[in-house]
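Chemist: Structure of the sequence below:
(one chain, ligands or ions: 1)
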Amino acid sequence: MPSINVAFAVVQREDGHVLMAERPYGKESAGFWEFPGGKFESGESADQAITRELYEELGIRLKVAYPWISYSHIYPDKIVKLHVYRIFSWEGTPSGREGQRISWENPSSVTVTPLLPANEKILQAIALPLIYAIINAGPCPGIKVKLMRRLIYLLEQGVRLMQVRIRSMNPDQHIQIMRPIVNLAHKYGAKILVNGNEPLALKSGADGIHLSANQLMNMRTRPCIPLLSVSCHNASELAHAVTLRANFVSLSPVRSTPTHPNVSGMGWKKFADLTNKLPMPVYAFGGLDSDCLATAMRHHAYGIALSSNI
Ligand SMILES: Nc1nc2c([nH]c(=O)n2[C@H]2C[C@H](O)[C@@H](COP(=O)(O)OP(=O)(O)OP(=O)(O)O)O2)c(=O)[nH]1
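Modeler: Model prediction:
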């Protein structure tokens, strides 16, 4: 079967809406909605293809194009290798220069239909926020109040995806602590994952679980929960996370951290080599702060994970 390379872009406004385009009359799959982009021309790189396509199709000049994920989709007559970019800044006002209809859509509630089947996973992924906060807590007096305070602080800062990791706590007390956390987060439209414990996640109404790399490698089937995130450190763990259909992973350590002084960070080059061909969102983790977001995205990260200890 022939295989073609295609570059397309998630062009995203500040309000989170993304630009979608209808495939015009005369093209294959006319009437289906897609992200703007198209086939590589002979000798072109992915970067060159996306820059040219977005100018030809929409009349916009890209300021920065972040290379994101790559994946293949098998159509009845061909394999399409999709190279996906994320665009947050451009010059010009997008318009359908090839007669195609365009629409700004909220990724969580897309109104245009039908979509190209290869694009479902992209829409699910881009509903995720750019920052993933990990709240670590050990047993300590007043832990419930301290956790709630930290949660409120993060929610007020605009964080909408959090993992809560409480060590050494009996299951009943754990649920008692998690329920109000989940309820409050949901009032802000935020999602909560609990670390490592599927029954706890279900009983506390959390949105998902986060697995350690050890738990991941011992698991053969995906837990039955909406969101699954996983800690990964190398290529084989990433590959298993893909097999288990994790929604996203954190890949660490990018830099060495005070909590793991004997482990050296992999650095951005290795991070990019590991994530470059992955079909899922990856949060860069370990020794980072929010100023690292653009650097992370230049190296194929979806966003960054930041840890916060109690
Ligand atoms: N542009 C784009 N193509 C996609 C997406 N998802 C997806 O499966 N594809 C597939 C559909 C097509 O088989 C292929 C893109 O081919 P195309 O015909 O649009 O490319 P093009 O704009 O260069 O078209 P042309 O100049 O050859 O007419 O990639 C997407 O979101 N955007």
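Chemist: Please enumerate residues in contact with the strand or helix carrying Ala296?
Modeler: Using DSSP states H and E, Ala296 maps to helix 293-298. Residues lying outside helix 293-298 but in contact with it, judged by Cβ atoms under 8 Å, 6 or more residues apart in numbering, are 64, 66-68, 86, 130-131, 254, 268, 271, 284, 288, 303-304. Using the backbone N, CA and C atoms, a C-beta is placed for each residue, glycine as well.
Chemist: between those, which has the most around it?
Modeler: Taking other Cβ atoms under 10 Å as the neighbour criterion, Ala284 ranks highest of the contacts of helix 293-298 with 30 neighbours.
Chemist: Please read off the pLDDT at it from the model.
Modeler: Note for Ala284: predicted pLDDT of 98.
Chemist: thought it was touching Leu306?
Modeler: No: applying Cβ atoms under 8 Å, one finds Ala284 not in contact with Leu306, separated by 10.0 Å.
Chemist: re the thing from before, adjacent strands (with direction) for the helix or strand following the helix holding Ala296?
Modeler: Sequence-wise, the next helix or strand downstream of helix 293-298 (DSSP H and E) is strand 303-309. Taking DSSP bridges as the criterion, strand 303-309 sits next to strand 131-137 (parallel), strand 282-285 (parallel) in its sheet.
Chemist: For the residue of the stretch 201-310 of the chain found nearest the ligand, give me its contacts.
Modeler: When Cβ to the nearest ligand atom is the measure, the stretch 201-310 of the chain has its nearest residue to the ligand at Pro279, with 13.0 Å between them. For Pro279, the set of contacting residues under the criterion of Cβ under 8 Å, 6+ apart consists of 69-71, 121, 242.
Chemist: shouldn't Val11 be in contact with Val84?
Modeler: No: with contact taken as Cβ under 8 Å, Val11 and Val84 are classed as non-touching, separated by 11.5 Å.
Chemist: list residues touching both of the two?
Modeler: Common neighbours of Val11 and Val84 (Cβ under 8 Å, 6+ apart) are Phe35.
Chemist: Quickly run through the sheet partners of the helix or strand containing Ser103, with directions.
Modeler: Remark: Ser103 resides in strand 102-105, with elements defined by DSSP H and E. Each strand that strand 102-105 pairs with, and the sense of that pairing, follows from DSSP bridges: strand 18-22 (antiparallel).
Chemist: Quick one: name whatever helix or strand follows the strand it pairs with.
Modeler: Next in sequence after strand 18-22, counting helices and strands by DSSP H and E, comes strand 33-34.
Chemist: which secondary structure elements does that following strand contact?
Modeler: Counting contacts by 3 or more Cβ pairs under 8 Å, 6 or more residues apart in numbering; DSSP states H and E, strand 33-34 packs against strand 18-22.
Chemist: List of residues touching the strand it packs on?
Modeler: 10-13, 31-36, 57-58, 94, 96, 100-105, 107, 110, 112, 115, 126.
Chemist: next one: that strand to chain centre, how far?
Modeler: In terms of Cα atoms, centre = their mean, to the nearest Å, the gap separating the centre of strand 18-22 from the centre of its chain is 19 Å.
Chemist: Stretch 197-207 too?
Modeler: Computed by Cα atoms, centre = their mean, the chain-centroid distance of stretch 197-207 equals 21 Å.
Chemist: Would you mind listing the buried residues in that stretch?
Modeler: Applying a neighbour-count criterion of 16 or more other Cβ atoms under 10 Å, the buried positions in stretch 197-207 are 197-198, 200-201, 203-204, 206-207.
Chemist: List the residues that contact the residue nearest to Thr221 when sequence neighbours are not counted.
Modeler: In this structure, Thr221 finds its nearest non-sequential neighbour in Leu244, 7.6 Å apart by Cβ to Cβ, 6 or more residues apart in numbering. Leu244 makes contact with 216, 219, 221-222, 228, 230, according to Cβ under 8 Å, 6+ apart.
Chemist: same thing with Leu123?
Modeler: Contacts for Leu123 were tallied using Cβ under 8 Å, 6+ apart; they are 107, 110, 115.
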